[in-house]
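Asker: Sharing a sequence plus its predicted fold:
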Amino acid sequence: MANNRKRLVLLVPLAIFFVGCIFLFKGLYSDPRKLDSALIGQPVPEFILQDIYDENKQHDASIFKGQKMLLNVWATWCPTCYAEHKFLNQLAAQGMYIVGMNYKDDRKKAIRWLTDLNDPYQISLFDRDGMLGMDLGVYGAPETYFIDSKGIIQYRHVGDLNERIWKEQLAELFDGMQ
């Protein structure tokens, strides 16, 4: 009986170690940009958020109906957001309707950012506490959601948008939405 206990004491940590190795090995071959979202095919969650420029102006989920658009989650503390901002301005100049959601950030810094770098957003939401971000399943900034004209989330892109990614992976998907 003592031998069985000794074996059990040795086998349990070994089993835990092997299970951990399997999870780590699996992670080596996964793409962190491909994070499934439970909200694909679902409407944007209900919310009420302030406009970034005007604390007295509020927006709700109805802003996502009427035309297809991008919802871009960004923050001034995010260096990748800075890298993608120029491309977002290019998309906006081409007529792309983009809603920006400033995520867990400082309002004054965000307004300065948009003033200095140009504002590609038709509407700018201020999600100071990250509550809408949490409802959307945001892992961090930047993330971009494709939303159809009925307010349904069709796609989620994690990481920066740039010209190459847009042309090679996303433009056709966005163009195909209604």
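Answerer: The structure has been received and is ready for your questions.
Asker: now the strands for the chain?
Answerer: Along the chain, counting by DSSP state E, strands occupy 48-51, 58-60, 69-74, 98-103, 123-127, 143-147, 153-158.
Asker: Throw the ones you listed into a markdown table and include mean pLDDT, thanks.
Answerer: As requested, the strands of the chain are arranged in a markdown table below (pLDDT from 0 to 100):
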| stretch | mean pLDDT |
| --- | --- |
| strand 48-51 | 98 |
| strand 58-60 | 98 |
| strand 69-74 | 98 |
| strand 98-103 | 98 |
| strand 123-127 | 98 |
| strand 143-147 | 97 |
| strand 153-158 | 96 |
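Asker: So residue 105 sits against residue 76, correct?
Answerer: Yes: counting by Cβ atoms under 8 Å, residue 76 is a contact partner of residue 105 at 5.5 Å. In this view, the C-beta of every residue, glycine as well, is placed from N, C-alpha and C.
Asker: between these two, what contacts are shared?
Answerer: When contacts are counted by Cβ atoms under 8 Å, 6 or more residues apart in numbering, the set common to residue 105 and residue 76 is empty.
Asker: show me what contacts the most centrally placed residue in the chain?
Answerer: Nearest to the geometric centre of the chain sits residue 143, at 2.5 Å (Cα atoms, centre = their mean). Residue 143 sits next to 72-73, 136, 156-159 when contact means Cβ under 8 Å, 6+ apart.
Asker: what's the closest of the residues you listed to residue 121?
Answerer: Among the contacts of residue 143, residue 72 lies closest to residue 121 (Cβ to Cβ), at 7.3 Å.
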